[in-house]
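1. Pasting the sequence and the predicted coordinates here, then a few questions.
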Amino acid sequence: MYLKQTFSSKRSGFTLVELMVAAAISISIMVILSEAFTAGIDTFRKLKTIGDQQELLRSASIILRRDLAAEHFGEATESWNGPFLSDQRLDLSDNPTPPMLPSTIYSEPNGWRPPPRGFFRFVQSTPKVPFNLGNIVSAGYSDEPVDFDLLPSSIARDHLLHFTVKLPGNRVHQLFQTSRIPPAYIAVSPPGFQGDGIFYSPWAEVAYWMEPSGERSSGEDGSPGLPLYTLHRRQRLLVDTPLNKGTGFPPGHPLNVTSDPNLTFPDVSWHQRLDGSTVSWEPNTPETITNPARRGLIGEGFPGTLSVVPRPATLQFPVALEPSPTGTPIRSGDDILLTNVISFQIRACYDTVPTTPPTPAIGSPEFRDLPSPGLNALYNAWGARVFDTWTRTEEPFRSRWFSYGKTTPEITIATLPLRIRIKAFEIQIRIWDTKHQATRQMTILQDV
């Protein structure tokens, strides 16, 4: 008889120490995964912020590039003029001291003359000041500390562009248009584009400038940072018609109204004129808009600011101030291209009046601030540096300049603030994202 031997085996359990170690490892893995997911979400959030900011800057740059690359003066009429800004050879003006008599029409027969149609105005409203904490917050144009790549940097808030744009005009989408216009205007649209209650024009008066938003950027600790601005674009159509050769529309003409049209037809550029004792308004044309007195947008002072530094009236450079504060009907049609803008800096690549025969050279273009106005400093508010293609016509009613804070357009050295030939612009736009406290900057290089 055999005895059956049985063995009993029990499954061993985890000890308390083993359970605690396993729990600790599990918790550590979950913490790592949680941190990884958090870091991943934060990375994607930052990438989305960069993408959103880049898209905003790209959209603004498309409009800005289109306006700058377009023709500004129409067809060429003289050897030193042409449709583009680089065709305006102010550096080849043969008369360094224009006639001093106001009754004399400005003329340089052997050199450059102001274009008969269109204009271009570029303003740096204040000189650049050295970096300090006060200047970087309050100054219109200030240096900044070098960046992480040891490159110089600066911040600008009071630069502006103001010019005419002429589109090709071969198709409807290549023309400026507005339906907010009296019916009589439809007939002066380019041939083939009349009808549908819409006024078409290949010409427009365009301006870019910044206005304070009243808000500030902030640091990681919540401390207030730099003031924020909105970048504006204003567009007003010009009437391009053979009815006007720079002398104005006759009284009683349908394109001549007696009440202020800026309140009812703000999409068109207007100027005021005096026929005897009758005050009337008429739309600007490419010829009349050359005169700074007839431009309906902004001058060389800080946009939206009506106060100016007191200076002798005979030395004031013509200023076209904002006609009314933000929010009134006259601002209707303005576009806000960007919000939360920190800096809108404009520099130019230009040639100055040659003192010696130029030496041929190949190199990178240099983008610089406008040169010092020198003797013209007294002609410009706050020592502004102003480039303007000016006009070859006189304002027939110069006394009316005074009623709008402007002075007689005396034909002096101030009428051509800077004798340079601008060939290209460098525009740096820096914006701020409040939610993620991030900045993004785009640099636009555009030949003109």
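-> Noted; the coordinates are in hand. Numbers count the residues shown, from 1 in each chain.

2. Name the SS class of residue 338, please.
-> strand (DSSP: H, G, I helix; E, B strand; the rest coil).

3. and it, what is it in contact with?
-> Residue 338 makes contact with 56, 57, 60, 230, 231, 429, 431, according to Cβ atoms under 8 Å, 6 or more residues apart in numbering. C-beta: built from backbone N, CA, C; applies to glycine.

4. Which members of the residues you listed are the farthest-apart pair?
-> 57 and 230 (14.4 Å; Cβ to Cβ).

5. Which pLDDT value goes with the residue lying closest to residue 212 once chain neighbours are set aside?
-> Among residues not flanking residue 212 along the chain, residue 229 sits closest, at 5.5 Å (Cβ to Cβ, 6 or more residues apart in numbering). According to the prediction, residue 229 has pLDDT 94.

6. Compute the distance between residue 229 and residue 350, please.
-> According to Cβ to Cβ, to the nearest Å, residue 229 stands 26 Å off from residue 350.

7. Check residue 200 too.
-> 34 Å.

8. Tell me the helices and strands packed up against the lengthiest helix in the chain.
-> Assignment by DSSP state H gives helix 16-69 as the longest helix of the chain. On a contact count with 3 or more Cβ pairs under 8 Å, 6 or more residues apart in numbering; DSSP states H and E, helix 16-69 meets strand 159-166, strand 335-352, strand 420-433, strand 438-447.

9. residues touching residue 83, list them.
-> Residue 83 neighbours (Cβ under 8 Å, 6+ apart): 71, 72, 73, 74, 75, 76, 166.

10. Tally up the residues packed near residue 445, please.
-> The number of residues packed near residue 445 is 12, by other Cβ atoms under 10 Å.

11. need the contact list for it.
-> Under the criterion of Cβ under 8 Å, 6+ apart, the neighbours of residue 445 are 424, 425, 426.

12. I'd say the second one and residue 350 touch.
-> What it means is residue 425. No: taking Cβ atoms under 8 Å as the definition, residue 425 is not a contact partner of residue 350, at 9.7 Å.

13. and the gap between residue 17 and residue 24?
-> In terms of Cβ to Cβ, residue 17 sits 11 Å off from residue 24.

14. Can you list the low-confidence ranges for the stretch 1-150 of the chain?
-> The stretch 1-150 of the chain contains residues with pLDDT under 70 at 1-13, 79, 93-111.

15. run the last query once more with 80
-> 1-14, 76-80, 90-113, 132-135, 146-150 (pLDDT under 80).

16. so how many other residues sit close to residue 35?
-> 10.

17. ugh, wrong one, I meant residue 30
-> Residue 30, neighbours per other Cβ under 10 Å, totals 10.

18. Next: residue 198.
-> With other Cβ under 10 Å as criterion, residue 198 counts 17.

19. Kindly list the main-chain dihedrals of it?
-> Main-chain dihedrals, residue 198, degrees, to the nearest 10: phi -120, psi 140.

20. Please look at it and residue 178 and confirm they touch.
-> Yes: counting by Cβ under 8 Å, residue 178 is a contact partner of residue 198 at 7.1 Å.

21. what about the closest residue to residue 152 other than its chain neighbours, which helix or strand?
-> Spatial nearest neighbour of residue 152, excluding adjacent residues (Cβ to Cβ, 6+ apart): residue 146 at 5.9 Å. Per DSSP states H and E, residue 146 falls between elements, in no helix or strand.
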